[in-house]
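S.K.: A predicted structure for the sequence below; I have some questions about it.
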Amino acid sequence: MAVFEASGLSVRYGAVAANKNIDIALVQGCVHGVIGPNGAGKSTFIDALSGRRRPSSGRVLLDGEDITRRSVRWRRAHGISRSFQRTSVFASMTVGAQLSMVARRNAEPDLAGIIDTLGLGEVVDRVCGEIAYGTQRAVDLAIALIGRPRVVLLDEPCAGLVADEAGRMLRHVRDLCRERDVAALLVEHDVEGVFRTCDTITVLDLGEVLSSGPPEEVRADPRVIRAYLGSAA
Ligand SMILES: Nc1ncnc2c1ncn2[C@@H]1O[C@H](COP(=O)(O)OP(=O)(O)OP(=O)(O)O)[C@@H](O)[C@H]1O
């Protein structure tokens with residue numbers, strides 16, 4: 001049963017239709033990947049789901065309740081969390097202090113478990129600005145998952161990471177979402193990583209859903225191969 005849904009979601013920037021009639025359904029414990037070429041409408045979609053941008057039509061539903069007009073703050077308070085393309089860690093705080101602050105604010109019962117799964121134990125006493133970029137992104141993921149959100153919207157968590165780090169990050173996303181029963185939407189440019197990690201995938205092209213379903217079906221979809229994957233499929 002879907003916990004979080006978009007139904008017929010459209011977003012316009014003046015004359016530009018950035019999202020056109022998009023349907024998506026997120027299930028707890030599962031990662032749903034959203035891929036598509038530059039300008040396909042991925043960031044716009046995640047902004048609309050998180051409440052940063054008002055859709056021109058369509059609905060966003062949490063447990064079947066229409067939350068389309070709810071604020072970012074309301075959504076965060078009701079278990080919808082998001083991460084951003086750029087790291088949002090406070091450079092001058094230690095990793096431990098930053099995570100503890102977010103954990104206190106969000107009544108997280110098992111911060112130690114998150115730190116452990118993400119392998120952050122070794123850096124808790126280090127200042128965020130001085131740790132490797134890949135580790136900063138892991139801190140971002142920890143922040144998004146603190147407080148037992150029901151839904152996480154992850155905007156390119158692998159941006160700027162080298163291949164090994166990206167692979168590890170995506171495994172962490174999948175493991176933590178399964179362990180914690182979180183429904184995740186993952187916007188990511190690392191297409192192979194998305195195919196390896198996600199339970200379901202939606203491909204956007206020019207603001208529209210080109211294909212959606214389990215990875216093997218999407219990869220074999222002639223429309224996706226033609227428009228996007230090409231010979232890489
Ligand atoms: N603030 C804005 N004003 C006008 N047009 C915009 C704005 N933001 C995005 N667009 C347009 O909307 C469309 C979708 O952009 P969006 O950034 O959502 O795509 P994307 O798939 O996230 O791209 P990328 O992979 O490059 O991040 C593009 O045509 C883009 O030029």
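M.R.: Yep, it's here. Numbering: from 1, shown residues only.
S.K.: When you work out contacts or count neighbours from here on, use the C-alpha atoms and nothing else.
M.R.: Fine.
S.K.: Provide a list of residue ranges in the protein with pLDDT below threshold.
M.R.: For the chain, the stretches with pLDDT under 70 are 229-233.
S.K.: where's residue 134, which helix or strand?
M.R.: Residue 134 belongs to helix 133-145 when assigned by DSSP states H and E.
S.K.: Check which helices and strands the helix or strand just after that helix is in contact with.
M.R.: Note on helix 133-145: by DSSP H and E, the next helix or strand toward the C-terminus is strand 151-155. Secondary-structure packing of strand 151-155 (3 or more C-alpha pairs under 8 Å, 6 or more residues apart in numbering; DSSP states H and E): helix 42-50, strand 80-83, strand 183-187.
S.K.: closest to residue 143 out of those?
M.R.: Between residue 143 and the helices and strands packed on strand 151-155, the shortest separation by C-alpha to C-alpha is 8.2 Å, and it involves strand 80-83.
S.K.: helices or strands next to that closest one in the packing?
M.R.: Judged by 3+ C-alpha pairs under 8 Å, 6+ apart, the packing partners of strand 80-83 are helix 42-50, helix 133-145, strand 151-155.
S.K.: Highest mean neighbour count out of the ones you listed?
M.R.: strand 151-155 (a mean of 25; mean count of other C-alpha atoms under 10 Å).
S.K.: now the next helix or strand after that strand: how far from the chain's centre is it?
M.R.: For strand 151-155, the following helix or strand on the C-terminal side (DSSP H and E) is helix 163-180. Computed by C-alpha atoms, centre = their mean, to the nearest Å, the chain-centroid distance of helix 163-180 equals 12 Å.
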